[in-house]
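Chemist: Show me the folded form of this:
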Amino acid sequence: SADEIHGPQVLGSGNASGGKFIGAINHGHFLRFRNIAMDEVGSITLRIASAGSGGQIEVRLDKPNGELIASTDVEVNGQWEEFYDRKVELKHTSGRHDVIIQFVHPQKAGGLMNVDSIQFGR
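Modeler: A predicted model of the protein is given here:
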């Protein structure tokens, strides 16, 4: 559960973990996870899908234009609710920070992707 959702919507689906996912994602939308102990986090696993434009997911510290600590491409798999996993290694960071998961596609404004889950790992 993100502490803040800026732009996307929480939508229901039988294919999603817990029956809900983050959808209606457009360029510049983001999620905020507050006060994460970054000494204990070395990666994130994203469960994603796209039948739209795809794009990238950026992981930033503290604010949407904060330090970029990781990014990954989101390929179009042709299904909005057929989720696949993508593990992303993070740049080593110490201390507690807000983690921003930002969705980007400079050439396409909307219909980028859906996110079923985000798991922080070592």
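Chemist: Report how many residues lie close to the closest residue to His6 other than its chain neighbours.
Modeler: Of all residues not flanking His6 in the chain, Phe30 sits nearest, at 5.1 Å (CB to CB, 6 or more residues apart in numbering). For every residue, glycine as well, the C-beta is placed using N, CA and C. Close neighbours of Phe30, defined as other CB atoms under 10 Å, add up to 21.
Chemist: Now the phi/psi pair for Phe30, please.
Modeler: Here is the backbone geometry of Phe30 (degrees, to the nearest 10): phi -160, psi 160.
Chemist: My read is that it contacts Val99, right?
Modeler: No - Phe30 lies out of contact with Val99 (CB atoms under 8 Å); the separation is 10.2 Å.
Chemist: Could you give the backbone dihedrals for the residue sitting nearest the centre point of the chain?
Modeler: Nearest to the mean C-alpha position of the chain, by CA atoms, centre = their mean, lies Ile101 at 4.6 Å. Main-chain dihedrals, Ile101, degrees, to the nearest 10: phi -100, psi 110.
Chemist: again with Ala49
Modeler: Dihedral angles for Ala49 - degrees, to the nearest 10 - are phi -160, psi 160.
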